[in-house]
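Undergrad: Let's see this in three dimensions:
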Amino acid sequence: MCGLTGWMSFQRDLNNYEAVAEEMTATMINRGPDGGGVWIEDNIFLGHRRLSVIDLDGGKQPMQATSNDGRKVTISYTGEVYNYRELREELIEAGHQFESKSDTEVVLRAFLQWGESFAERLNGIYAFAIWDTSKQELLLVRDRMGVKPLYYYPLGDEVIFGSEPKAILAHPEVDAVIDSEGLREIFSIVKTPGHAVLQGMYEVKPATILKFNKKGMTENKYWNLKATEHTDDLESTIDEVRELLTDIIERQMVSDVPIGTLLSGGLDSSAITALASKVVKAEKRKDPLLAFTIDFVGHSERFTSNVQWEDPDTPFANEVAKHVDAEHIKVMLDHNDIMNTDVREATLNAQDLPISTGDMEYSLYLLCKALRERLTVALSGEGADELFGGYTWFHDSDAIKLDSFPWHHPFAKAGGIQALRDLGLWDSLDLDGYINTSYNEALKEMPTLESDTKTEARMRQINYLNLTRWQNFLLDRNDRISMAVGLEVRVPFLDHRLIQYVFNTPWKMKNFDGREKSLLRAAMRGLLPDSVLDRKKNPYPSTQDEKYELALRKQVESMLKPGAPVLDLVSEEKIRNLLNTPVGTYSVGGPWSARAVLERLVEFNNWVTSYDVTLLLDEEEPALLEVV
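TA: Have a look, this model is predicted:
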């Protein structure tokens with residue numbers, strides 16, 4: 001899966017900056033613990049750290065290739081292209097000769113063969129940089145759904161780039177600065193495509209090619225979701241979903257290293273685990289599929305159901321693992337594990353931004369760390385809720401009618417918006433205005449279908465908002481935390497063929513039995529126990545142990561010292577008012593507790609301190625990056 005970084009400059013000879021190149025590349029070592037390399041040629045350097053998954057010996061990078069007419073190109077690549085074998089055969093027929101069996105070389109030679117249109121042929125999750133020596137031109141490319149991250153920082157006719165902000169921040173001429181625009185992005189529960197939070201830094205948008213040369217920068221989107229008429233009947237649609245998922249899992253089970261699944265016991269991860277186990281059996285692999293589940297010590301005994309969590313996960317995960325003959329590994333945690341200083345520092349360093357979902361991110365880090373002890377690649381059920389309509393806001397009439405992002409409805413209902421207002425953050429940052437602008441921009445770009453009824457048109461909007469403004473936040477979290485321990489997590493539900501098909505399936509089919517994810521449930525009928533198929537959706541697990549909140553409050557108390565960065569945003573008095581509220585069981589979608597707010601504040605403070613971030617409040621906003 002790997003990590004990349006680089007620097008292109010037409011002002012200086014980068015052969016003189018080898019130490020900078022090495023330092024930037026070294027920041028990616030967790031993403032690529034198996035090896036690395038730096039390549040420098042006058043105006044460009046490319047750095048790479050490798051996590052070996054396919055062609056363990058032959059896929060070293062940065063990698064070069066030369067066409068028959070002498071054109072030389074160099075790549076630093078992260079990700080996986082699942083159709084690389086078919087593309088390789090096509091390229092061999094076109095006269096290309098390969099020196100490795102890696103998908104990296106396939107991508108590089110595909111560019112030589114088809115030019116910039118090559119990206120349209122790739123099926124996978126990827127981000128990469130290609131330098132064309134003859135044209136003196138740099139391409140930055142990102143996969144269709146934005147699974148793999150790629151950031152850039154333009155400086156005049158220079159650009160610095162990397163898989164994570166930390167690679168760019170390692171450059172001596174880049175400082176970590178956040179202004180009010182970045183603060184709005186952090187606290188608004190919106191993940192705007194292209195926005196990187198830090199001032200002057202951007203993300204390559206999903207399905208986009210950025211091209212840099214002496215004329216400037218151009219941006220080309222090579223894929224868009226399209227609105228088309230759905231002509232299949234319900235039975236055919238269910239069959240097509242099942243067939244697509246089967247093909248996707250077969251492709252994504254290709255690996256030269258051990259592979260397993262993240263199994264919660266919910267419909268999404270259980271479906272992936274069942275289909276992956278079928279591949280293991282069909283191919284008569286030596287060992288059974290490994291399935292990993294997270295749980296908290298004493299969780300079942302203290303569990304209290306609420307709007308989001310109806311029951312504990314582990315009993316259902318146990319049932320699925322037994323049903324599909326997977327080897328089941330349970331990762332047990334307690335509040336001390338989640339509050340461990342080293343774990344919290346490692347998770348923050350993985351994110352490069354303030355932790356946004358509290359204990360879930362720390363437990364996810366520990367889960368991924370446990371997986372990495374047994375395997376290198378895992379399949380996740382991420383993306384199914386956004387695609388098939390799993391979240392509560394797909395089914396709550398008030399959320400559907402809300403003239404804003406639908407997930408803000410349960411957040412407001414739980415008291416979250418009022419809590420941020422009480423702190424003074426909501427109004428001082430004008431989050432209402434920021435959210436409204438972002439929402440309207442999203443609606444303007446989405447595809448529409450004239451034949452849609454009013455209801456279908458609104459549900460298409462909600463589907464699109466989830467796929468482009470909510471899912472990218474979760475994908476970013478998953479990638480950073482898993483790659484921090486050198487674990488590659490694949491996301492079968494985000495194959496663009498399935499996305500395009502289900503996006504255009506009418507809501508009346510997605511919800512044909514009046515429940516969430518009706519299509520997926522029907523497609524998996526017969527492959528999973530009915531108890532799992534008929535189970536209400538639960539989010540990723542969160543601890544209900546009050547000891548965690550008590551430990552968190554102690555951390556907040558120790559934070560409240562003169563000069564604490566968070567006090568530039570929120571008064572100490574208001575934070576102490578939160579500390580004086582009763583300790584309560586955390587319940588997303590239920591009564592709002594102080595815990596979630598305190599988590600956001602302490603984690604923001606830790607981020608600013610750890611990354612030496614400069615806060616620019618009430619400053620004039622920087623001009624938007626000009627695209628030529």
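
Undergrad: Mind splitting the chain into its structural domains?
TA: Listed domain ranges for the chain are 3-221, 234-533, 560-610 (source: automatic domain parsing).

Undergrad: now those domains as JSON lines including mean pLDDT, mean neighbour count and distance to residue 227?
TA: C-beta here means a position set from N, CA and C on the backbone, and glycine is covered the same way. As requested, the domains of the chain are exported to JSON lines (pLDDT from 0 to 100; neighbours: other CB atoms under 10 Å; distance: least, CB to CB, whole Å):
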{"stretch": "domain 3-221", "mean pLDDT": "94", "mean neighbour count": "20", "distance to residue 227": "16"}
{"stretch": "domain 234-533", "mean pLDDT": "92", "mean neighbour count": "19", "distance to residue 227": "4"}
{"stretch": "domain 560-610", "mean pLDDT": "82", "mean neighbour count": "17", "distance to residue 227": "31"}
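
Undergrad: and of these, who's closest to residue 553?
TA: For residue 553, the closest of the domains of the chain is domain 560-610, at 5.9 Å, according to CB to CB.

Undergrad: what's the residue nearest to residue 297 when sequence neighbours are not counted in contact with, if anything?
TA: Leaving aside its chain neighbours, residue 297 sits nearest to residue 334 (4.3 Å; criterion: CB to CB, 6 or more residues apart in numbering). For residue 334, the contacting residues are 296-298, 545, 547, by CB atoms under 8 Å, 6 or more residues apart in numbering.

Undergrad: In helices only, show me the residues you listed.
TA: residue 547 (DSSP state H).

Undergrad: ok, of the contacts of residue 334, which one's closest to residue 475?
TA: residue 296 (24.7 Å).

Undergrad: what about the residue nearest to the closest one when sequence neighbours are not counted, how many neighbours?
TA: Nearest-residue entry for residue 296: residue 543, 4.8 Å, with adjacent residues in sequence omitted and distances by CB to CB, 6+ apart. Using other CB atoms under 10 Å, residue 543 has 25 other residues around it.

Undergrad: quick one: the nearest residue to residue 541 once chain neighbours are set aside from residue 605, how far?
TA: Counting by CB to CB, 6+ apart, residue 541 lies nearest to residue 313, which is 5.7 Å off, once chain neighbours are set aside. Between residue 313 and residue 605 the distance is 32 Å, computed by CB to CB, to the nearest Å.

Undergrad: Check residue 124 too.
TA: Taking CB to CB as the criterion, residue 124 is separated from residue 605 by 38 Å.

Undergrad: What segments of the stretch 251-400 of the chain are strands?
TA: All strands of the stretch 251-400 of the chain, identified by DSSP state E, counting those that start in this stretch, fall at 259-262, 290-296, 327-333, 377-379.

Undergrad: ok so, going back, next up, the contacts around the residue nearest to residue 541.
TA: Shown here is residue 313, whose contacts under the criterion CB under 8 Å, 6+ apart are 264-266, 293-295, 538, 541.

Undergrad: Pick the one among these closest to residue 236.
TA: When the contacts of residue 313 are compared for distance to residue 236 (CB to CB), residue 266 wins out at 26.3 Å.

Undergrad: gap between that closest one and residue 535?
TA: For residue 266, the distance to residue 535 equals 7 Å [CB to CB].

Undergrad: intersection of neighbour lists for these two?
TA: With CB under 8 Å, 6+ apart applied, the overlap between the contact sets of residue 266 and residue 535 consists of residue 316.

Undergrad: counting contacts, what elements does the helix or strand harbouring residue 108 pack onto?
TA: Residue 108 is located in helix 103-114, with elements delineated by DSSP states H and E. Counting contacts by 3 or more CB pairs under 8 Å, 6 or more residues apart in numbering; DSSP states H and E, helix 103-114 is packed against strand 63-66, strand 72-81, helix 84-93, strand 124-132.

Undergrad: what do you get if the cut-off is 7 Å, keeping everything else the same?
TA: The criterion is 3 or more CB pairs under 7 Å, 6 or more residues apart in numbering; DSSP states H and E, and the helices and strands that helix 103-114 contacts are strand 63-66, strand 72-81, helix 84-93.

Undergrad: any idea which element the closest residue in space to residue 419 that isn't next to it in sequence lies in?
TA: The spatially closest residue to residue 419, leaving aside those adjacent along the chain, is residue 597, at 4.9 Å (CB to CB, 6+ apart). Element membership of residue 597, judged by DSSP H and E, is helix 594-610.

Undergrad: chain center to that helix, what's the gap?
TA: For helix 594-610, the distance between its averaged C-alpha position and the chain's averaged C-alpha position is 21 Å (CA atoms, centre = their mean, to the nearest Å).

Undergrad: Mind checking what helix or strand follows that helix in sequence?
TA: If you walk from helix 594-610 toward the C-terminus, the next helix or strand you reach (DSSP H and E) is strand 614-616.

Undergrad: for that next one, the distance to its chain's centre please.
TA: How far strand 614-616 lies from its chain's middle: 26 Å, per CA atoms, centre = their mean.

Undergrad: any idea of the mean pLDDT for that strand?
TA: When pLDDT is averaged over strand 614-616, the result is 95.

Undergrad: Nearest the geometric middle of this protein, what residue?
TA: Among the residues of the chain, the one closest to the centroid is residue 475, at 1.5 Å (CA atoms, centre = their mean).

Undergrad: What residues does the nearest residue to it once chain neighbours are set aside make contact with?
TA: Ranked by CB to CB, 6+ apart and with sequence neighbours excluded, the top spatial neighbour of residue 475 is residue 147, at 5.5 Å. Each residue near residue 147 by CB atoms under 7 Å, 6 or more residues apart in numbering is listed here: 125, 475, 479, 491, 494.

Undergrad: can I get the residues you listed in JSON lines with distance to residue 95 and secondary structure?
TA: Formatted as JSON lines, the entries for the contacts of residue 147 read as follows, by distance: CB to CB, whole Å; DSSP: H, G, I helix; E, B strand; the rest coil:
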{"residue": "125", "distance to residue 95": "29", "secondary structure": "strand"}
{"residue": "475", "distance to residue 95": "37", "secondary structure": "helix"}
{"residue": "479", "distance to residue 95": "36", "secondary structure": "helix"}
{"residue": "491", "distance to residue 95": "35", "secondary structure": "coil"}
{"residue": "494", "distance to residue 95": "34", "secondary structure": "helix"}
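
Undergrad: Export the residues you listed as JSON lines, with columns for distance to residue 111.
TA: What follows is these, written out as JSON lines (distance: CB to CB, whole Å):
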{"residue": "125", "distance to residue 111": "18"}
{"residue": "475", "distance to residue 111": "25"}
{"residue": "479", "distance to residue 111": "24"}
{"residue": "491", "distance to residue 111": "24"}
{"residue": "494", "distance to residue 111": "23"}
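
Undergrad: would a markdown table of the domains of the chain with distance to residue 552 be doable?
TA: Putting those into a markdown table (distance: least, CB to CB, whole Å) gives the following:
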| stretch | distance to residue 552 |
| --- | --- |
| domain 3-221 | 19 |
| domain 234-533 | 7 |
| domain 560-610 | 6 |
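
Undergrad: wait, which of those is closest to residue 616?
TA: For those, the distance to residue 616 is smallest for domain 3-221, at 4.2 Å, taking CB to CB.

Undergrad: What distance separates the opening and closing residues of the closest one?
TA: Across domain 3-221, the terminal residues are separated by 23 Å (CA to CA, to the nearest Å).

Undergrad: and that domain, how far from the chain's centre?
TA: Per CA atoms, centre = their mean, the displacement of domain 3-221 from the mean C-alpha position of its chain is 17 Å.

Undergrad: what's the answer for stretch 407-419, then?
TA: Here stretch 407-419 is found 23 Å from its chain centre; the criterion is CA atoms, centre = their mean.

Undergrad: same question, stretch 562-582
TA: For stretch 562-582, the separation from the chain centroid amounts to 31 Å (computed by CA atoms, centre = their mean).

Undergrad: List of residues touching that stretch?
TA: Judged by CB under 7 Å, 6+ apart, the contacts made with stretch 562-582 from elsewhere in the structure are 422-425, 553, 556-557, 559-560, 594, 597-598, 601, 604-605, 608-609, 615, 617.
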